[in-house]
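Engineer: Quick one: sequence plus predicted model below, questions after.
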Amino acid sequence: MARQTETLARIPLFRSLTEAAVRRLDTQCAWRRAKAKEWILDYKDQSADLYFVVQGHVRVLIQASSGKDSILRDIRDGDFFGELAAIDALPRSAAILAVTDSIVAKMAPPVFRDIVHQHPDVCDQLLILLAGQIRMLANRVNEFGTLDVRTRIYSELLRLARPALNGGRHSVISPPPTHAELAARVSSRREAVTRELNSLARSGLLEKRRGALVLLDPKRLAGLIDKAQR
């Protein structure tokens, strides 16, 4: 009997498909269980398959020739990766690392292209995703060109934060990234991140709690970024 976790039914990209169509897709995928800290794809990998994260958390990493990794983005339940190679068949532009134990479905490019061509809603969602990635990369390029390390850290904290559940003005990052992870997100060093987080705490803009970082005044933090860009 097929395991219930090995289904694409909870992938938003396929929201317009019938149950029968999703079940057919399930049978056309190769399923993989990746352990935490396991590499799923290597940079420059020649494969062109698309991957759906059915359960878990994976990370997109850019690997420099120096060996230093930069974190581009995180992908969680319901999202997917590898769509660029599935479209243009070129080598992978990034590596993928499992952050937690994860279940992923590998789909061959012809199967993916058939779905996109046959279902307008799937095509529209893909276009929106690709547009969002272009905007995200454009923002990152702008930040690296105009902001110093301090304000790049501020920007990344705001991106990672979510509104507090109590509806207050605070924002919360939970679980909090390690200082090394945050440094990899802004192309800096762990020591610089530690210094800036301590400075934010002294200024009353950040509070370190068990299992979370709390941004006490996100609007003020955003104002500091705007001021730096003028």
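Structural biologist: Arrived safely, thanks for sending. Given the structure is predicted, the values throughout are model-derived calculations rather than measurements. Numbering: from 1, shown residues only.

Engineer: contacts and neighbour counts: CA atoms only from here.
Structural biologist: Will do.

Engineer: helices or strands up against the helix or strand harbouring R220?
Structural biologist: Per DSSP states H and E: R220 is located in helix 218-229. Applying 3 or more C-alpha pairs under 8 Å, 6 or more residues apart in numbering; DSSP states H and E, we find helix 218-229 packed against helix 149-160.

Engineer: After the helix or strand L84 falls within, which helix or strand is next? Please name it.
Structural biologist: L84 is part of helix 83-88, with elements assigned from DSSP H and E. Downstream of helix 83-88, the next assigned helix or strand under DSSP H and E is strand 95-98.

Engineer: Can you name the element that comes right after that following strand?
Structural biologist: strand 102-107.

Engineer: Tell me which residues are up against stretch 100-119.
Structural biologist: For stretch 100-119, the surrounding residues in contact (C-alpha atoms under 8 Å, 6 or more residues apart in numbering) are 5-6, 8, 16, 28-37, 48-58, 86-87, 122-123.

Engineer: how about that stretch as CSV, C-alpha atoms only?
Structural biologist: Written as CSV, here are the backbone C-alpha positions of stretch 100-119 (Å, rounded to 0.1, in the frame of the first residue of the first chain):
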residue,chain,number,x,y,z
THR,A,100,15.5,18.5,8.3
ASP,A,101,14.4,15.0,7.4
SER,A,102,12.5,15.5,4.2
ILE,A,103,10.3,13.7,1.6
VAL,A,104,10.7,14.8,-1.9
ALA,A,105,9.2,13.7,-5.2
LYS,A,106,11.4,13.8,-8.4
MET,A,107,9.5,14.5,-11.6
ALA,A,108,11.0,14.1,-15.1
PRO,A,109,11.0,17.2,-17.3
PRO,A,110,8.6,15.8,-20.0
VAL,A,111,6.0,15.1,-17.3
PHE,A,112,6.4,18.6,-15.9
ARG,A,113,6.2,20.3,-19.3
ASP,A,114,3.0,18.3,-20.2
ILE,A,115,1.3,19.5,-17.0
VAL,A,116,2.3,23.1,-17.6
HIS,A,117,1.0,23.0,-21.2
GLN,A,118,-2.2,21.3,-20.4
HIS,A,119,-3.3,23.2,-17.3
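
Engineer: just the strands in the protein please.
Structural biologist: Listed in chain order, the strands of the chain (DSSP state E) span 30-34, 39-41, 50-55, 57-63, 69-76, 80-81, 95-98, 102-107, 162-163, 171-173, 206-209, 212-215.

Engineer: Which neighbours in the sheet does the last one have, and how are they oriented?
Structural biologist: It stands for strand 212-215. If you go by DSSP bridges, strand 212-215 pairs up with strand 171-173 (antiparallel), strand 206-209 (antiparallel).

Engineer: from memory T7 sits against R23, does it?
Structural biologist: Yes. Contact status for T7 versus R23: in contact at 7.3 Å, counting by C-alpha atoms under 8 Å.

Engineer: out of the two, which sits in the more crowded spot?
Structural biologist: T7 (22 against 14; other C-alpha atoms under 10 Å).

Engineer: what number of residues lie near the nearest residue to that one once chain neighbours are set aside?
Structural biologist: The shortest distance from T7 to any non-neighbouring residue, by C-alpha to C-alpha, 6 or more residues apart in numbering, is to D26 (5.6 Å). Other residues lying near D26 total 19 when counted by other C-alpha under 10 Å.
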